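Engineer: just coords:
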């Protein structure tokens, strides 16, 4: 018992160290990017007409006269305290801005992943069971098209057809212009906030707006999830215990869902976590198309106006979430699948 | 041997079980690979589309009905199938078909550069890590992991933000985010090859590490890298188009497909074809790369070709 727990402890420690090293590397990269950029951060504060004394004073105040290693340590210290500096664009601390926009991205990516799982998993299972038939071919083409489609273009075409021509969904933005700022922001996720406020009109309007971008992200994640599900299932279905179960005379449905599917659950959860991380990133371009006020729009707008603090802050936060989801999926795999533990 | 028998046995020679020379064996292997590949219809479609793309890009000045940059404000936003402008014109009256044709050159340029830079960088890092082992291996793989842990598009965005917008910087940014998987593959291959008997034999003959890596390990890593490159190219095209769409890749008036979508976006509800056509072009080419990659995987990497 104690041997087991000490082994678990070592494993947890190793994971923590690995997270720390990865995050350190991530911050080093963003720090270097911040240094090599062609814009002089001092000049953008003091202006072109500043005297040499003002310039140097400002430079010293920003800590830019210190050795580069010290500057990196200061940067580390600040980031660990949630200080990414101020945004030039919004004149607010970047951390505050990100806390404000992140829930919108989270809401979109979560809904997209839910769509992707609900459709992608059954599609993958069916494709594996009916391997080689036309259903398998259709599933393959659906996935290949998803892999090959520029997501921002798909979003544009979706807006054109479902908003412009058919008028089935709301246009860009999270809610229609008459519904902005009606429900008090509690979680920052408008679907949940409007439920909390019991404001069903806003909820209906918000659903009309989120359904299209979420479906498009969902299709993207469906492509990946269905392919992975198919290959996991094929692996299980060719195993001997499946033959045994069939020989015993178990109904095919039991063989597939109770035997084979149960064994791919853990692998599937890790794939879903990875796909979720990819959606957080994939939402960058989708957010631009749908004027969705999330972290993707925030980074891109900051980028176009050379607001480097905001760009780097956003990159660090997205990177952190990405790393944590990756490690989470890896851990899950190791803890729940005894074959991978050793 | 008479003429008659040589003609008859061409195919037999290619299918021979006992190759008479190294070149014979190699040609026979290529022939068998081609047979497997060409029986895969979808992969052949992919190859066909890409050959067409090369052809179009090479002959752009001959094929394009108009100059891709000449503006004609009198004939702006013309619909599809207009006389002389089969795909219509954009907001400055430029012929969309001609812009797509010239844009294929930019797409090929980006794809080729990334396909050279990223795998070569990954191959270097991976083989050095795998062959050296120890601390070097641990350090290089840690760096690889850090880059792998980064979300690729966001990292590319940050790089372009620092380097400045433009095609060359977009290529650099995409390559910087694309090399880690190649390093992983090359390292894994190196680790398995390194311990094999023929490497020991070469070592005993006095070959140094440099010769072993370049002459014996690299050739064996190539096929798995090629498969990966082909499958990655679709992603590279999408990333380049995404950067172009955000205004961070090719700059106007360059007929880059992603930038063309961005221009057409403003008129999407009334003049949909301006944004739709370049998107179709991107989709077709990246689909072709995916189809080709799938087929190549079956030929070059029989282990994973179970699907």
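Structural biologist: Cool, got the structure. Since the model is a prediction, treat every value here as computed from it, not as a measurement.
Engineer: okay, now residue A:184: neighbour count?
Structural biologist: Residue A:184 has 10 neighbours, counted by other C-beta atoms under 10 Å in any protein chain shown. In short, each C-beta sits where N, CA and C put it, glycine included.
Engineer: wouldn't it be in contact with residue A:190 here?
Structural biologist: No: assessed by C-beta atoms under 8 Å, residue A:184 is found out of contact with residue A:190, at 11.1 Å.
Engineer: Need the three-state assignment for residue B:250.
Structural biologist: Applying DSSP: H, G, I helix; E, B strand; the rest coil to residue B:250 yields a three-state assignment of coil.
Engineer: you'd agree residue A:127 is up against residue A:139?
Structural biologist: Yes: in this structure, residue A:127 is within contact of residue A:139 by C-beta under 8 Å, at 3.8 Å.
Engineer: got any residues that touch both of the two?
Structural biologist: Listed as contacting both residue A:127 and residue A:139 by C-beta atoms under 8 Å, 6 or more residues apart in numbering or on different chains are A:226, A:230.
Engineer: Can you report how many residues lie near the residue of the stretch 201-307 of chain B found nearest chain A?
Structural biologist: The nearest approach of the stretch 201-307 of chain B to chain A comes at residue B:279, 3.4 Å away (C-beta to the nearest C-beta). When neighbours are defined as other C-beta under 10 Å, residue B:279 has 23 of them.
Engineer: for it, what are its contacts?
Structural biologist: Going by C-beta under 8 Å, 6+ apart, residue B:279 touches A:150, A:153, A:156, A:157, B:257, B:261.
Engineer: so can I have a markdown table of those residues showing pLDDT?
Structural biologist: Shown next, in a markdown table, are the contacts of residue B:279 (pLDDT from 0 to 100):
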| residue | pLDDT |
| --- | --- |
| A:150 | 91 |
| A:153 | 93 |
| A:156 | 92 |
| A:157 | 93 |
| B:257 | 93 |
| B:261 | 92 |
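Engineer: ok, and the closest non-adjacent residue to whichever residue of the stretch 51-200 of chain B sits closest to chain A?
Structural biologist: In the stretch 51-200 of chain B, the residue found nearest to chain A is residue B:146; the distance is 3.4 Å by C-beta to the nearest C-beta. Leaving aside its sequence neighbours, residue B:146 sits nearest to residue A:25 (C-beta to C-beta, 6 or more residues apart in numbering or on different chains; 3.4 Å).
Engineer: Can you read off the pLDDT for the one you found?
Structural biologist: Note on residue A:25: pLDDT of 86.
Engineer: likewise residue B:28?
Structural biologist: The score at residue B:28 is 84. That number is its pLDDT.
Engineer: Please apply the same query to the one 4 residues further on.
Structural biologist: Per-residue confidence at residue B:32 stands at 82 (pLDDT).
Engineer: Now the closest residue to chain B within the stretch 1-150 of chain A: which helix or strand?
Structural biologist: Nearest residue of the stretch 1-150 of chain A to chain B (C-beta to the nearest C-beta) works out as residue A:25 at 3.4 Å. Assessed by DSSP states H and E, residue A:25 sits inside helix A:2-36.
Engineer: Pull out the buried residues from the contacts of residue B:279.
Structural biologist: A:150, A:153, A:156, A:157, B:257, B:261 (16 or more other C-beta atoms under 10 Å in any protein chain shown).
Engineer: Please identify which two of the residues you listed are farthest apart in space.
Structural biologist: With C-beta to C-beta as the measure, no two of the buried ones among the contacts of residue B:279 lie farther apart than A:157 and B:257, at 14.7 Å.
Engineer: Give me the contacts around stretch B:60-72.
Structural biologist: Here stretch B:60-72 makes contact (C-beta under 8 Å, 6+ apart) with B:56, B:84-86, B:89, B:92-95, B:97-99, B:101-105, B:253, B:255.
Engineer: Restricted to strands, list these.
Structural biologist: Within the contacts of stretch B:60-72, no residue falls in strands by DSSP state E.
Engineer: out of those residues, which are inside helices?
Structural biologist: Among the contacts of stretch B:60-72, DSSP state H puts B:56, B:97, B:98, B:99, B:101, B:102, B:103, B:104, B:105 in helices.
Engineer: and the fourth one, what does it touch?
Structural biologist: Put plainly, it is residue B:99. Shown in contact with residue B:99 (C-beta under 8 Å, 6+ apart): B:68, B:90, B:255, B:260, B:278.
Engineer: nearest to residue B:159, of the residues you listed?
Structural biologist: The nearest member of those to residue B:159, counting by C-beta to C-beta, is residue B:260 at 23.2 Å.
Engineer: Tell me the confidence at that closest one?
Structural biologist: pLDDT, residue B:260: 92.
Engineer: How about it, nearest residue that isn't a chain neighbour?
Structural biologist: Leaving aside its sequence neighbours, residue B:260 sits nearest to residue B:278 (C-beta to C-beta, 6+ apart; 4.0 Å).
Engineer: and the one you found, what helix or strand is that in?
Structural biologist: Residue B:278 is part of helix B:273-300 when elements are defined by DSSP H and E.
Engineer: now that helix: how far from the chain's centre is it?
Structural biologist: Averaging C-alpha positions (C-alpha atoms, centre = their mean, to the nearest Å) puts helix B:273-300 11 Å from its chain's average.
Engineer: low-scoring stretches of the chain, by residue?
Structural biologist: Just going to use chain A. A:1-4, A:36-41, A:44-46, A:337-342 (pLDDT under 70).
Engineer: actually it's chain B I care about, not the one you picked
Structural biologist: In chain B, residues with pLDDT under 70: B:1-8, B:301-307.
Engineer: can you give me the helices in it?
Structural biologist: Using DSSP H, the helices of chain B run over residues B:3-8, B:10-15, B:22-38, B:41-58, B:60-63, B:96-132, B:134-149, B:152-163, B:167-194, B:197-204, B:209-211, B:218-245, B:257-265, B:273-300.
Engineer: Not counting residues beside it along the chain, what's closest to the one residue in the stretch 151-300 of chain A that gets nearest to chain B?
Structural biologist: Residue of the stretch 151-300 of chain A nearest chain B, by C-beta to the nearest C-beta: residue A:153 (3.4 Å). Excluding the flanking residues, the one nearest residue A:153 by C-beta to C-beta, 6+ apart is residue B:279, at 3.4 Å.
Engineer: do you know how far the one you found is from residue A:231?
Structural biologist: Using C-beta to C-beta, to the nearest Å, one obtains 30 Å as the distance from residue B:279 to residue A:231.
Engineer: follow-up on the earlier one: got a list of what the residue nearest to residue B:260 touches?
Structural biologist: With C-beta under 8 Å, 6+ apart, residue B:278 has these contacts: B:96, B:99, B:100, B:103, B:257, B:258, B:260, B:261, B:264.
Engineer: Could you work out the most separated pair of those?
Structural biologist: B:96 and B:258 (14.5 Å).
Engineer: number of nearby residues for the residue nearest to residue B:146?
Structural biologist: Applying other C-beta under 10 Å, we find 19 residues neighbouring residue A:25.
Engineer: What of residue B:39?
Structural biologist: Counted with other C-beta under 10 Å, the neighbours of residue B:39 add up to 11.
Engineer: Can you tell me the centre-most residue of the chain?
Structural biologist: Reading this off chain A. In chain A, the centroid-proximal residue (C-alpha atoms, centre = their mean) is residue A:280; its distance is 1.8 Å.
Engineer: That was the other one, I meant chain B.
Structural biologist: Taking C-alpha atoms, centre = their mean as the criterion, residue B:233 is the residue nearest the geometric centre of chain B, at 3.6 Å.
Engineer: Longest helix of chain A, counting residues only.
Structural biologist: The longest helix of chain A (DSSP H) is helix A:200-237.
Engineer: And that helix, what does it pack against?
Structural biologist: In terms of contacts (3 or more C-beta pairs under 8 Å, 6 or more residues apart in numbering or on different chains; DSSP states H and E), helix A:200-237 is packed against helix A:94-129, helix A:134-148, helix A:151-158, helix A:190-196, helix A:261-289.
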